[in-house]
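1. Sharing a model prediction with you, sequence too.
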Amino acid sequence: MSADLPLLIFDGDCGFCSASVRFGQRWIRRMPTATPFQRLDLTRYGITAADCTTAVQYVARDHHVFAAHDAVSALLLGAGRGWWVLGALMHLPGIHWLSGVVYRWVARNRHRLPGATAACAINAPGESPGPR
């Protein structure tokens, strides 16, 4: 399994998520393999489809799984060049908390962002089912 790590796992049905991955593939030289969760055996990584519909997942070379803003930070830390600085900043007290707030806001509103489709809508806990 380690031959395909690190691995970024994202929601391939979400246009915003797919556009974000394409951005990374274009601008991040050491971008890991990025695969939609719909094409993977998630049990191999110890995660579920529900995990993947609510947050991006990053499986590191040591098989540790990072989710949401921690996944973005881990990806950036491994990206080299100036990207690692952004990843390191995301671990600083206060900034780590703020990056979590921003990530959750983007995740809840991804259906309203550029590149989004109806499949991008996710439901916050306690909300009624949406277009998914």
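-> Arrived safely, thanks for sending.
2. Just give me the residue closest to the centre of this structure.
-> Val56 (2.4 Å; CA atoms, centre = their mean).
3. Verify the stated contact: that one with Val65.
-> No: assessed by CB atoms under 8 Å, Val56 is found out of contact with Val65, at 10.9 Å. Bear in mind the C-beta positions are built from the backbone N, C-alpha and C, glycine included.
4. quick one, what contacts the residue nearest to the centre of the chain?
-> Val56 is in contact with Leu8, Ile9, Phe10, Asp11, Cys17, Ala67, Ala68, Ala71, Val72, counting by CB atoms under 8 Å, 6 or more residues apart in numbering.
5. And the residues you listed, which is the shakiest by pLDDT?
-> The lowest pLDDT within the contacts of Val56 belongs to Cys17, with 89.
6. where's that residue, which helix or strand?
-> According to DSSP states H and E, Cys17 maps onto helix 15-27.
7. Could you check that helix and say which residues are buried?
-> Residues Gly15, Phe16, Cys17, Ser18, Ala19, Ser20, Val21, Gly24 are the ones in helix 15-27 that count as buried (16 or more other CB atoms under 10 Å).
8. Spell out the residue ranges of the helices in the chain.
-> 15-27, 49-54, 68-78, 83-89, 95-109 (DSSP state H).
9. Of those helices, which is nearest Gln38?
-> Nearest of these to Gln38, taken as CB to CB: helix 49-54 at 8.1 Å.
10. Going by neighbour count, which residues in that closest one are buried?
-> Quick answer for helix 49-54 (16+ other CB under 10 Å): Asp51, Cys52, Thr53, Thr54.
11. pLDDT (mean, whole number) over stretch 94-104?
-> Average pLDDT, stretch 94-104: 96.
12. typo on my end, stretch 19-38
-> If you average the pLDDT over stretch 19-38, you get 95.
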